[in-house]
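Asks: Please work out how this folds:
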Amino acid sequence: PASASAPTGASPAAVPADASTGAKPAGGRRRAGPSNRTIPDVAASTAAFVVGAMVGLAGCLLTYVGLQGCELMTSTGSCGGPGLLILIVILVAMVLLGAAILRVLRVPDPGNVSFLGVGMLTVVALVFLADYLYEPWMFVVVPAVTAVSYAIARWVTTLYAEDVLGDDDRMPRHDIR
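Replies: Numbers count the residues shown, from 1 in each chain. Just a heads-up that it's a prediction; the model follows:
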């Protein structure tokens, strides 16, 4: 036949050679080594908004799991006194999760942004959403409110940091040696 079919799989020419020696790795495969992957730079405001949505969804899921656990343990939809402790643990977990992700994304003041964002969500949920917290559509509303809360928290912490730095420049310098 005039045309020969190409062999399936990777051809030896497709395997890159080692840059230092020019030799191809044994078996035609690359060696597994540490990855040089880096987290892409994301604007701090965008990161705060996205992380807020993620933290809000995580809070919804943790609350749902907590309610299911209470129902299994007490045969009711409420835990009573221990339920408050569970909610506090969930809020602390949300703050820590948000701070960790913001830190990975290199957002300044990740702990402050996360604490303020979760705090604002808590206030909004208690003041405006308390009657609807058991509704299924809260799995959409709470992450959206948390995303906006994190964005506002990022703006407030940036505004406050700029005010503090501006105040330092106007203050007289004193040598205290």
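Asks: where in the protein is pLDDT low?
Replies: 1-36, 161-177 (pLDDT under 70).
Asks: quick one: the helices in it?
Replies: 44-74, 81-104, 110-128, 138-170 (DSSP state H).
Asks: so which of those gets nearest residue 38?
Replies: helix 81-104 (10.8 Å; Cβ to Cβ). For the C-beta atoms, the positions are set from N, CA and C on the backbone; glycine is no exception.
Asks: what helices or strands is the closest one leaning on?
Replies: If contacts are counted by 3 or more Cβ pairs under 8 Å, 6 or more residues apart in numbering; DSSP states H and E, helix 81-104 sits against helix 44-74, helix 110-128.
Asks: how about the last one: buried residues?
Replies: For helix 110-128, a neighbour-count test (16 or more other Cβ atoms under 10 Å) marks 110, 112-118, 120-122, 124-125 as buried.
Asks: same question, the first one
Replies: The neighbour-count check on helix 44-74 (16+ other Cβ under 10 Å) flags 44, 47-60, 62-63, 66-67, 70 as buried.
Asks: rewinding a little: out of the buried residues of helix 110-128, which is nearest to residue 88?
Replies: Residue 88 lies nearest to residue 122 out of the buried residues of helix 110-128, by Cβ to Cβ, at 10.5 Å.
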